[in-house]
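Chemist: Can you look at this prediction? I've put the sequence above it.
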Amino acid sequence: MTIDTEAGLSRQESAKAWVLKLARYREPSTWRSVYELLVTLVPFAFLWVLAWAAMDVSPWLSLAIAVLNGGFLVRLFIIQHDCGHASYLPNRRAQDWLGRALGVLTVTPYDVWKRTHSIHHSHHGNLDHRGIGDVMTLTVEEYRAKGFWGRLGYRLYRHPVVLFVLGPSYLFILQNRLPIGLMTSGWRYWVSAMGTNAFVAMTVALILWLGGVMPLLLIYIPTLVIGATIGVWLFYVQHQFEETHWEKGEAWQVHDAALEGSSHYVLPAPLQWITGNIGVHHVHHLYSRIPFYRLTEVLRDHATLAQAQRLSVRESLACVKLNLWDEKARKLISFRDAAAQA
């Protein structure tokens, strides 16, 4: 799943060369952005109304519709994500306010997320800068250096139940209520978090006033949890695959990390649409200013990138067991493989 460098270019030069080539895709189209927003927001609202009406027929039908709507919530998050990268609308102020509005639906404080996600892009794959906006990953040596409780804590953190069942709800429902990682970085992030919390609280209060607790339990929370779970899974497989990229110190280079440390998650067309092409993650990390709806143009025009870092759905399932970065073998390995080495 690694990309071949172009003839005559070193690995670092090749990555930088791709950045120059991808610059032509950066300009968003206002009408296309509005269209993508409408074909996502309108079905999301329709399914909300349909799920509410379905409560009179069957609570299970209502729940099923809410689960389906989790996919559209993911797509709304992708639009919010593009706003954070200043890639969605030509007008920076308009897209920031759109991002803040969508943050109420995704229960994600826009300005907080925008900053922490920027840190992720700036330091992804750098072993000297871990901890904000990424999945905690230890090297084999770091894991072995820990005591019993340290190893146990890391094993629990990397357990699939924690990462993909408990983790998404904790992250979006609880952790997002505070500007974690930016607690002392200024009032702006507190305003973002508390402002989002206030609008989320008003939304919940309105639901309770209009329909009682059942719409909250059958529609609001399931849609949010499913959307969060899908989002966390996507983020995980975009970076936690066997031949990903980690470096230390001066050996780390942002373009190499972007190209080699992000997967190209190949999904069936309906899933690629509902996830906003975010599976084309190696291209996104190379040039984050490209609107999500133009990422497929890049693959169409550049066969090399279309074939690079490909990760199938079946291959992505095996990524769950990869827990530690082996600096010698330069790949992620499982706890079992690390124990066998020892």
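Modeler: Looks like it came in fine.

Chemist: Hmm, Leu50 is touching Ala64, no?
Modeler: No - look at Leu50 against Ala64 with Cβ atoms under 8 Å: they stay out of range, at 10.6 Å. C-beta coordinates here come from the backbone N, C-alpha and C atoms, glycine included.

Chemist: Go through the helix or strand containing Trp273 and flag the buried ones.
Modeler: Following DSSP states H and E, one finds Trp273 within helix 269-274. Buried positions in helix 269-274, judged by neighbour count with 16 or more other Cβ atoms under 10 Å: Leu271, Gln272, Ile274.

Chemist: Helix or strand with the lowest mean pLDDT in the protein?
Modeler: Sorting the helices and strands of the chain by mean pLDDT, DSSP states H and E puts helix 11-22 at the bottom, at a mean of 75.

Chemist: packing partners for that helix?
Modeler: When contacts are defined as 3 or more Cβ pairs under 8 Å, 6 or more residues apart in numbering; DSSP states H and E, helix 11-22 sits against helix 254-260, helix 281-286.

Chemist: what does it contact?
Modeler: With contact meaning Cβ atoms under 8 Å, 6 or more residues apart in numbering, helix 11-22 is reached by 5-6, 9, 253, 255-256, 258-259, 283, 286-287, 290, 298, 302, 305.

Chemist: coming back round to it: turn the buried residues of helix 269-274 into CSV, columns for distance to Leu20 and pLDDT.
Modeler: As requested, the buried residues of helix 269-274 are exported to CSV (distance: Cβ to Cβ, whole Å; pLDDT from 0 to 100):
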residue, distance to Leu20, pLDDT
Leu271, 31, 97
Gln272, 26, 97
Ile274, 32, 98
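
Chemist: Closest to Leu206 out of those residues?
Modeler: Comparing the buried residues of helix 269-274 against Leu206 with Cβ to Cβ places Ile274 closest, at 26.7 Å.

Chemist: if you average pLDDT over each of the helices and strands packed on helix 11-22, which comes out lowest?
Modeler: Least confident of these, judged by mean pLDDT, is helix 254-260 with a mean of 89.

Chemist: which one of the helices and strands packed on helix 11-22 lies closest to Ala338?
Modeler: Of all the helices and strands packed on helix 11-22, it is helix 254-260 that lies closest to Ala338, at 22.1 Å by Cβ to Cβ.

Chemist: what packs against the next helix or strand along the chain from the closest one?
Modeler: Per DSSP H and E, the first helix or strand lying C-terminal to helix 254-260 is strand 264-265. Strand 264-265 sits against helix 221-239, helix 281-286, strand 310-311, with contacts defined as 3+ Cβ pairs under 8 Å, 6+ apart.

Chemist: Any chance of TSV for these, columns mean neighbour count and distance to Ala15?
Modeler: Putting the helices and strands packed on strand 264-265 into TSV (neighbours: other Cβ atoms under 10 Å; distance: least, Cβ to Cβ, whole Å) gives the following:
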stretch	mean neighbour count	distance to Ala15
helix 221-239	21	16
helix 281-286	24	7
strand 310-311	19	18
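
Chemist: export the ones you listed to a markdown table and tack on distance to Pro168?
Modeler: Shown next, in a markdown table, are the helices and strands packed on strand 264-265 (distance: least, Cβ to Cβ, whole Å):
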| stretch | distance to Pro168 |
| --- | --- |
| helix 221-239 | 4 |
| helix 281-286 | 18 |
| strand 310-311 | 20 |
